[in-house]
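> Sequence first, predicted model second:
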Amino acid sequence: MSYYFAIVGTQDNPLFEHEFGTSKQGGDGVARFREEARHMNQFIVHSSLDIVDEVQWNGGQMYLKHIDRFHNNYIFCFITAGSVKFLLLHNPDTHTPPNASSRSSAATARTSAYGQSASTTYNPTAPAVEEAIKNFFVEVYDVWVKTIMNPFFKLDMKVTSPVFRGRVAAAARKHL
Amino acid sequence: MTSPPYGSPIKSPQLGAIESSIVFPKRKGGSPASSLSNLPYRRSNQSLSSLFASTSSLPGSGPSSGTATPTATVARDSVFSPGGTLRPRSPAGAPVVDSSGLRDVLIRSFAPHVAVLASADTDEVIRQKGFPGGFLQLIRPFGQQVQGKVTVRDSIGASKSFEDFGIRFTGLKDGLNPPKPPPQPRRSAEVGEKAVNGGAEPWVESFPAWARTGGDVAQIEELVDRHLSYAEMQYGGSMSDYLKHDGDAAGRAHTSGAPSPFYTLYFRRLLSALPMSPHETFSHPVACIIAISSRNPSPIEDLRRLYNATNTGDLRLPQWVNNEFLRYYVLVHDEDHDDISKSTALYEQMKRHFGLHCHLLRLRSLHVLPSDDDSVRLPTTEWISAMEELTEIHRRGNSETDADPTPCLFDSDVSALRTLVRELTMQSIIPSMERSLTAWNEQVLSRRRGLSGRFMSLSKRWTPFGSSSRNSSGPLAGLQASGGGTSGNYDSLQGFYRPESAEATMRKLADYAVMLRDFKLAASTYDLLRADFNGDKAWRYYAGANEMAAIATLLDAHLRSGAEKSTSTKSRLEAVDGWLETASYSYVTRCMAPFYGLRTLAVGGELLKMRGTSTGGDEAAKWGSKILEDRLVGPVGRPLFMERISASFGSKLGRGELRWGGRRRKAAFWAVLAVENWLKMDKVVQAGKMLESVSELYGLTDAGGVAVQEDEEKGGGAEKAKPRELKFAEMKDFIEELREAVVARKLAAHGYEGEESPEADETTLVEEVSEKLDARPHRMSLIGIAAPPPMAGMDVTPLSPLKVRDEEPNFRDDSFE
Amino acid sequence: MSPSSPPPIWKHVFNFTRVVFALLVVNKAGGLIYNREFSAGLNKLNSNDLLILAGTFHGVHAITRSLSPLPRPPYGSFAPTDVPVRPTGLEVLESTHFRLTCFQTATGVKFLLLTDPPQPNIDVMLRRIYELYADYVMKNPFYTVEMPIRCEKFDRGLDGYLRVIARA
Amino acid sequence: MASTKAARLGEEVWKTRIDKVNAELVTLTYGTMVAQLCKDYDYDYTEVNRQLDKMGYNIGMRLIEDFLAKSSVSSCKDFRETGEMIAKVGFKIFLNITPTITNWTSDGKQFSLIFEENPLADFVELPDDGRAQDELWYSNILCGVLRGALEMVSMQVEAHFTSDVLRGNDSTELRVSLIRYIEDEMPPDDE
Amino acid sequence: MSSSRPLSNPSFNSPQSASTPPTAPAVRPPAPSGSAGTPQPGHSGLRYPSNRKTIYDRNLNRSKNAELSRAAFAYLFVEMISYAQRRVTGIADLEKRLNEQGYPLGLKLLDLLLYRSAPSSTQPPTTRPTRILPLLQFITTTLWRHLFSRPADALERSAANAAEYMVSDNEPLVNSYISVPREMSQLNCAAFVAGIIEGVCDGAGLKTVSVSAHWVGEGDGGGAGAKEGMWPGKTIFLIKFAPEVIEREEIMGGKGG
């Protein structure tokens, strides 16, 4: 179970990125993405902005829940009042070796790319999943509002504060 | 001929990667298929390049690029009039077929199949004439399009006429599995699917039946790969002007969603030469031509013999094929040697014995040379299996002469054949199909619709009614017999319905309706069948019914304007999604028949895309990516379908100034995936094309893009949805890497080939291609395609520009830091 | 002296039966920076005379301050941090028909209020006026300190307050 | 004792005679002003400090009138009392806070104001540019205010921050020193 | 946080073009008194007090109902205006500058107030305004109440132009003490509030062409005409939404939050 969390500004620009693994069921909270995931995650998350742009106008919910999927990567979204998007990419894959690269065996590479195995068992709309991720988002939102209240924070500015990162990581540990 | 160890793409990792889902038979060096892979590319070889015409789109190279002599070109036109309708299927046609082109391909792919059974003497005559393939080879191309309008009455008596109606001539047993054991024991069901035999068959027969059977993804992949590699060869040298060209190509591709010629080829081959299977009857013969020649000593007896052979004898089709198809008797008269009066007499006699379904075909038996007056080159046959085309490529590739081996015939022959085809279609096939339709429709469907319950319960009631019916009482006999237990009609052991059973009949009815393009009737019938098949757990049938229910519904919706859509059509349209899902699931998971799964999703996706509704693009893309997730295609299909997905998303422009609901980012993303996969395949030209789309879609190319980042807070507000510059660092870097990779290779290719004369020594070219296949960069993978450790073959590759290129650091190592 | 919060306005409203004629504001330097009439009665003075009046009063006020006897020497003090006690100057100037009351703020601004001699609660009124000054003059971005006062809201504030009284 | 008297006064005035406004409006307005200054002066924080002090001075000159009018205090006995007034009345009635007043020098000319809370600095974190925390005094406007206000009542003082939690210090401290009492200028001779 | 991306990654600690062009020659003053907090781990130079109090430790509702003297705002506003006046040419320019100063407040308050509208600390705020009307209602009630402790006095849609809306305030709090000199009678300092409104709209993704503050009965701002009537200071905020916003509104119909 690996997560990639990105806060995206109004210009499709990442303001904050954070990777982590699950801390549930004895997870060590370390992300298990393959080498390519580095850019892959960005591509996936960026492409799901299309969906966000569409659904954010229906109903005006801030927590948009599960909005998109690419193979075995599930995208959840929370959009702030200021149209900043919290995007959480969740890869339920459990059995990808930490250091797997594109050189790894056919089997592994395929599982993680087209991971049928995990995705069939994983249900992004399960109440438990939605709830946990919602709680994560809500906690991040609290920290986010504190960030933007700072008079020195400008629209679409990157967030570098280690305290902020710490809070996000804590929220992740707590809920995911 | 021997192939270098790294020569065969079958050995290339990408193919390996998908073996688990699709059986890609291991062809040994000797097999025709693999030997193709190290086929020398001779740009000088006209006869060969003409085979690639369907996918070559060099700027300036017109329809007749390369191919054949003036006479031949003229001949084409003379053969396929009324003019123009030739276009969608002309191999040498416009490089880009628009989506409606794909629809034509689709509609015309469901054509009535007509088996051809010629007596030995007939084939002899034709062979002398210069057609090693005998009568079948001669007549085949003329079925592709019946000359003139073809008018059909649909279930409600309304008649529609088509310009592009065609029939498919096949060998009687084409599309049946060869008796030999499948090359790969595992997934026997799957292997049962296809007519692939290991290819160990001796290369003597010029038209082996097995080669005429399609339904093999691996072969399609290989064929398209040949075309691609050829394209690389063609454009390898002329990048500079090519870049510009494919720029617009890319533009078109996303505005019009036009598929690349390679995709079109892939799609067509997917639908060509469908194997015979119990669960669908498209490739079952609707009729059978039984031909004898004027040379035959005992014509009537032979005709009888042949007829019986098809009924009971060794030529009898499997029991799950309905044998009640029309027999059509043809007497081939040898104008050059025999006396017409005798033939005419014989013809009269034939009519007396066999009824009206007879034809006297007057052909000249002399061998024709292209140089002769009024000589006409035999048109190319469109609907051939991938293996057959591969075989042809192979043959020509090896032939010493550059001369186009396509045999010729006389104008007179052409018109004679056309007349035969037209009569056969208009006077025999269509009427008989219409009759069957009406009969089955009334007797089976109307009842079936009347009551909800099980089918058999009704069947008893029909029995009296049925027997009183006139024409070939096949189905009614079936109905009688079918009075069994709940699922009495389904033989779960052998896994098929007997052809007379009501279910089989209804399926046939629906398939006929599709062939006659009465999609409404077809859709409703398939819809009804789904329940029955489901009840009987006849999964393959069930999958088929779902598949065709969806396809027919979409085609139906496509051909009629929204106004006249009945509510039933509308409700069915809503069901389409579920049907496709069920079909692909049953095919792939239950029946391990990935080929059909692929066909279902590919066709369904295209049709949804063509609907062009607000959701069409998304749905098409969804099915497209399912194809990839289920790994139904190989390394060639992967980027092709990625391009399609990109196009599907691209076709969804969104509404209004803000492009609300647009899908540009997704389109761009899939384009990136395609580029990356093309590079893996080392198809630089394709990669280059898609890269253009990437830039276009991400808006990177739009000149004068004002700096997005204004430190003025308000500045942010003004920006439009489309970013001028990618803000995600690693996306940006990755695309940069792709661009560098493409440029580097194009330059390398240019530098290497620019100097050489067109007659560059073949073997080095071969080496380059095959080496590319392995030397692909393993590091830069978006989706982790399996990349096994380099093969031994690689270490000893000769130093070539490619080798140098591989060592370029920026490409290899900076990939992920 | 301890702070005195004035009774609410309505009280004055009923108490007063007499008239407030005019208000003058004189700045530190003795310049007239504001004058406004609230009810007729006084004979008109031309602006020049008003200026002279302001200046003169300012001078007299200063002198009267130096006159006044002090518990301690006027300037400087014993403890260096002890605030020097500032004597007040002339506060009232009365004739049979009007009275001029002067209120000088700690910052040196003088408010001169011309009223009927028997007018009570003058100090309350002056304190209120001071507040109006602090609000509508000193909080107006377009007013420059020490300069003549042109603040429409100040005028309106005074009218609102003093006219009420006058009408009563 | 002066201090309690002042405290009572401050409370009383704040409760009865002050028009209120939402605190965040003030906080955010000050924030946007400081940010604007930083931008206008190209993040030259020493210059920004200067500008803030200037603004404060202007404010002080005006604010003192309001202070006097509302509190109706007459002049104080000595600088200590002044200090108490500033902390317990001045800050109370304008910012609704009472900084602790401490660190008097023996000569009673200097004292410090320690701010437990500072509405101006709510929500604020200084830019992470490696300089702001060493150079910018975010609330420097207060220094100017004291200077301006006291000058209007004839006290020339110097005021500056010595520490600020925004800089990572543990407290926010404002140091005020009396320089001199300004003598009244004699009235101009008219005639 | 071993899972977090390498801090060396340029995409992270690259200086924000928006906030820090550190061009000014920074004369480094003596280091502040010793009690400076130890620098945080990681790449941030920021120090924090030893009690670790940061903006992230401050409850967002803390100052929710806190009050200060209106004077405090008035004086800041005085300075904002005179500071702006020094750098502008003409009234339009001055208003533009005030508007720009208000804009960030809009952006921030939009999120802050919606955050506070959440039913509980574990629930996300109910909905965000995604249509023009809900947004304007948010502005005229929630925002106005918070800033000026009363709702706006009127909200109207221009009959002439579907993209134009008007919020009116009989006496904007920011103008309470301001008298505009005759020679500038056009000027309305509530342009600052207009900026706040613009910030809210743009932030919510309903982009505006402009938001401007106007005296009712053009031309007599502080002037004669304004004396008449019981609301001489009455101000109208004219909100012009961008055409594409109107278009989207039509596409999607009024539905939605």
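Great, that's in hand. Numbering: from 1, shown residues only, chains lettered A, B, ... in the order given.
> Nearest residue to E:V209 in space, please, no chain neighbours.
E:K240 (4.2 Å; CB to CB, 6 or more residues apart in numbering or on different chains). Just so you know, the C-beta spots here come from the backbone N, C-alpha and C atoms, and that holds for glycine as well.
> show me what contacts the one you found?
Shown in contact with E:K240 (CB atoms under 8 Å, 6 or more residues apart in numbering or on different chains): E:N161, E:A163, E:E164, E:T208, E:V209, E:S210, E:V211.
> Tell me the one of the residues you listed nearest B:F496?
E:A163 (66.8 Å; CB to CB).
> Contacts only, for the closest one.
Going by CB under 8 Å, 6+ apart, E:A163 touches E:V209, E:K240, E:F241, E:A242, E:P243, E:V245, E:I246.
> Which pLDDT value belongs to the fifth one?
In this model, E:P243 is scored at 92, pLDDT.
> Ok, B:A504 next?
90.
> was I right about it contacting B:N322?
Yes. Using CB atoms under 8 Å, B:A504 is in contact with B:N322, at 7.1 Å.
> which one of the two has more residues nearby?
B:A504 (27 against 21; other CB atoms under 10 Å in any protein chain shown).
> C:M138 - nearest residue in space that isn't next to it in sequence?
Counting by CB to CB, 6+ apart, D:R62 is the residue found nearest to C:M138 once chain neighbours are left out, at 4.0 Å.
> gap between the residue most central in space within chain D and chain B?
The residue lying closest to the centre of chain D (CA atoms, centre = their mean) is D:L142, at 3.3 Å. From D:L142 over to chain B the distance is 27 Å, taken as CB to the nearest CB, to the nearest Å.
> before we move on, back to that, got a list of what the residue nearest to C:M138 touches?
Residues near D:R62 by CB under 8 Å, 6+ apart: C:M138, C:K139, C:V145, D:G148, E:Y75, E:V78.
> same thing with A:F137?
Counting by CB under 8 Å, 6+ apart, A:F137 touches A:Y63, A:F76, A:F78, A:F86, A:L88, E:P124.
> quick one on the thing from earlier: out of the contacts of D:R62, which are inside helices?
Judged by DSSP state H, the contacts of D:R62 include D:G148, E:Y75, E:V78 as members of helices.
> Make sure the second one is actually in contact with D:L63.
Meaning E:Y75. Yes. Assessed by CB under 8 Å, E:Y75 is found in contact with D:L63 at 5.8 Å.
> What is the neighbour count of residue 149?
Unless you meant another one, I'm taking chain A. 25.
> Chain E, not that one
So E:S149, with other CB under 10 Å, has 14 neighbours.
> Quick check: closest non-adjacent residue to it.
The nearest residue in space to E:S149 (CB to CB, 6+ apart) is D:N22, at 6.6 Å.
> What separation is there between that neighbour and A:T147?
In this view, D:N22 and A:T147 are 22 Å apart by CB to CB, to the nearest Å.
> How is B:L747 assigned, secondary-structure-wise?
For B:L747, the assignment made with DSSP: H, G, I helix; E, B strand; the rest coil gives helix.
> bridging residues for A:Y3?
Beta bridges link A:Y3 to A:F20, A:H90, judged by DSSP bridges.
> mind checking the SS state of B:V286?
strand.
> Do you know the pLDDT at it?
Looking at B:V286, the pLDDT reads 94.
> Equivalent analysis for the one 10 residues further on, please.
Listed pLDDT for B:N296 reads 90.
> Need the nearest residue in space to the residue in chain D that chain E sits nearest to, chain neighbours excluded.
When distances are taken as CB to the nearest CB, chain D reaches nearest to chain E at D:G168, 2.7 Å away. Leaving aside its sequence neighbours, D:G168 sits nearest to E:R47 (CB to CB, 6+ apart; 2.7 Å).
> That neighbour and D:Q133 touch, don't they?
Yes. The pair formed by E:R47 and D:Q133 meets the contact definition of CB under 8 Å, at 5.9 Å.
> Please identify which of the two sits among more neighbours.
Neighbours were counted for E:R47 and for D:Q133 using other CB under 10 Å; D:Q133 has more, 25 against 19.
> for chain D, which helix is longest?
The single longest helix within chain D, with elements called by DSSP H, is helix D:45-71.
> List the buried residues for that one?
If you call a residue buried by 16 or more other CB atoms under 10 Å in any protein chain shown, then helix D:45-71 has these buried ones: D:45-49, D:51-71.
> End to end on stretch A:138-157, go ahead and measure it.
The first and last residues of stretch A:138-157 sit 21 Å apart, counting by CA to CA, to the nearest Å.
> How about that stretch and chain D, any contact?
Yes. Stretch A:138-157 reaches chain D (CB under 8 Å from any CB of the partner chain) through A:K146, A:M149, A:N150, A:P151, A:F152.
> neighbours around the closest residue to the last one other than its chain neighbours, how many?
The shortest distance from A:F152 to any residue that is not its chain neighbour, by CB to CB, 6+ apart, is 5.0 Å, and that residue is D:P127. By other CB under 10 Å, the residues close to D:P127 number 23.
> Name the helix or strand for D:P127, please.
Per DSSP states H and E, D:P127 falls between elements, in no helix or strand.
> how near is it to A:P151?
10 Å.
> farthest-separated two in the contacts of D:R62?
Largest pairwise distance in the contacts of D:R62, by CB to CB, is 14.3 Å, between C:K139 and D:G148.
> per-residue confidence at the residue in chain D that chain B sits nearest to?
Of all residues in chain D, D:K39 sits closest to chain B, at 7.6 Å by CB to the nearest CB. For D:K39, the pLDDT comes out at 95.
> Low-confidence bits of chain A, can you list those?
Counting by pLDDT under 70, chain A has low-confidence residues at A:94-120.
> repeat for the stretch 501-650 of chain B
Using pLDDT under 70, the stretch 501-650 of chain B drops low at B:561-566.
> from what I can see, E:V209 looks like it's in a strand, true?
Yes. Looking at E:V209 with three-state DSSP, it is inside a strand.
> Narrow the ones in helices among the contacts of D:R62 to just the buried residues.
Applying 16+ other CB under 10 Å to these, the neighbour count classes D:G148, E:Y75, E:V78 as buried.
> Chain B next: which of these are close?
Among those, no residue lies close to chain B (CB under 8 Å from any CB).
> so which of the contacts of E:K240 is the most crowded?
Busiest of those [other CB under 10 Å] is E:V211, holding 28 neighbours.
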